[in-house]
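Peer 1: Give me the fold of what follows.
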Amino acid sequence: MKRWRAVLTAVVLLTALTVNGSAQDKAESKKAESAKPDSIEWLSFPDGLQKGKAEEKHVLVDFTASWCSWCKKMDRETFKDSAVVAMINEKFVPVKVWGDSDDMLDIEGYQITEKQLATSEFNVRGYPAFWFISPEGQRIGPLPGYQTAERMIKALDYVATKQYVQDAKKQDSDGK
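Peer 2: Okay, here's the model as predicted:
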């Protein structure tokens, strides 16, 4: 009887240690995840514009569609690349607009569907398509089609360092 009690006590202790250790491991894992995000938290268009202005960050708009295989490839590969994720999370406000959605958006009192925003306001004709918007809300320009991580990093860097401003000034001086 004493032997069974000792074995039972040992089993209970091992179970408690395993469960407690696993709970602790999960807590540490969640803490590490929140400390260093490894994914992009996409916002709606109105929320993204507001956040971009408030935080003085450029907005990256990802125009996508549920049926688009290249969009899914972007989500699966490019937007999982650690360098792309880090740059977007640090220097941009990421926005996702579903070009096949009839969900209504309210942009400072202006009512429009996501589909209309994509096709009518941003002239998107194919997916995926990306638009960059300045912290002040001005459209900088589009980046159409599937982008590898390397190409996306170059485009993000171009916008984040405001190279487009120097290029516009150069074009103005060359054109005069």
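
Peer 1: Can you name the residues in contact with the helix or strand harbouring Ala86?
Peer 2: For Ala86, the element it lies in under DSSP states H and E is helix 82-91. Residues outside helix 82-91 that contact it (Cβ atoms under 8 Å, 6 or more residues apart in numbering) are 37-41, 57-58, 60, 78-79, 94, 149, 152-153, 156-157, 160. (Glycine included, C-beta is placed from N, CA and C.)

Peer 1: can I have that helix written out in CSV, keeping just the CAs?
Peer 2: This file holds the C-alpha atoms of helix 82-91, laid out as CSV (Å, rounded to 0.1, in the frame of the first residue of the first chain):
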residue,chain,number,x,y,z
SER,A,82,11.0,38.6,-41.6
ALA,A,83,12.7,41.6,-43.3
VAL,A,84,9.5,42.7,-45.0
VAL,A,85,7.4,42.2,-41.8
ALA,A,86,9.9,44.1,-39.7
MET,A,87,10.1,47.1,-42.2
ILE,A,88,6.3,47.3,-42.6
ASN,A,89,5.7,47.0,-38.8
GLU,A,90,8.3,49.6,-38.0
LYS,A,91,7.9,52.2,-40.8
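
Peer 1: Could you list the domains of this protein?
Peer 2: The chain breaks down by automatic domain parsing into domains covering 1-36, 45-175.

Peer 1: In a markdown table: those domains, plus mean neighbour count.
Peer 2: What follows is the domains of the chain, written out as a markdown table (neighbours: other Cβ atoms under 10 Å):
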| stretch | mean neighbour count |
| --- | --- |
| domain 1-36 | 9 |
| domain 45-175 | 16 |
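
Peer 1: Can I get those in CSV including mean pLDDT?
Peer 2: Formatted as CSV, these follow (pLDDT from 0 to 100):
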stretch, mean pLDDT
domain 1-36, 39
domain 45-175, 95
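
Peer 1: At the geometric centre of this structure, which residue sits there?
Peer 2: Ile40 (3.4 Å; Cα atoms, centre = their mean).

Peer 1: Need the nearest residue in space to it, chain neighbours excluded.
Peer 2: Nearest non-adjacent residue to Ile40, counting by Cβ to Cβ, 6 or more residues apart in numbering: Pro94, 5.0 Å away.

Peer 1: That neighbour against Gly48, yeah?
Peer 2: Yes - judged on Cβ atoms under 8 Å, Pro94 makes contact with Gly48 at a distance of 7.1 Å.
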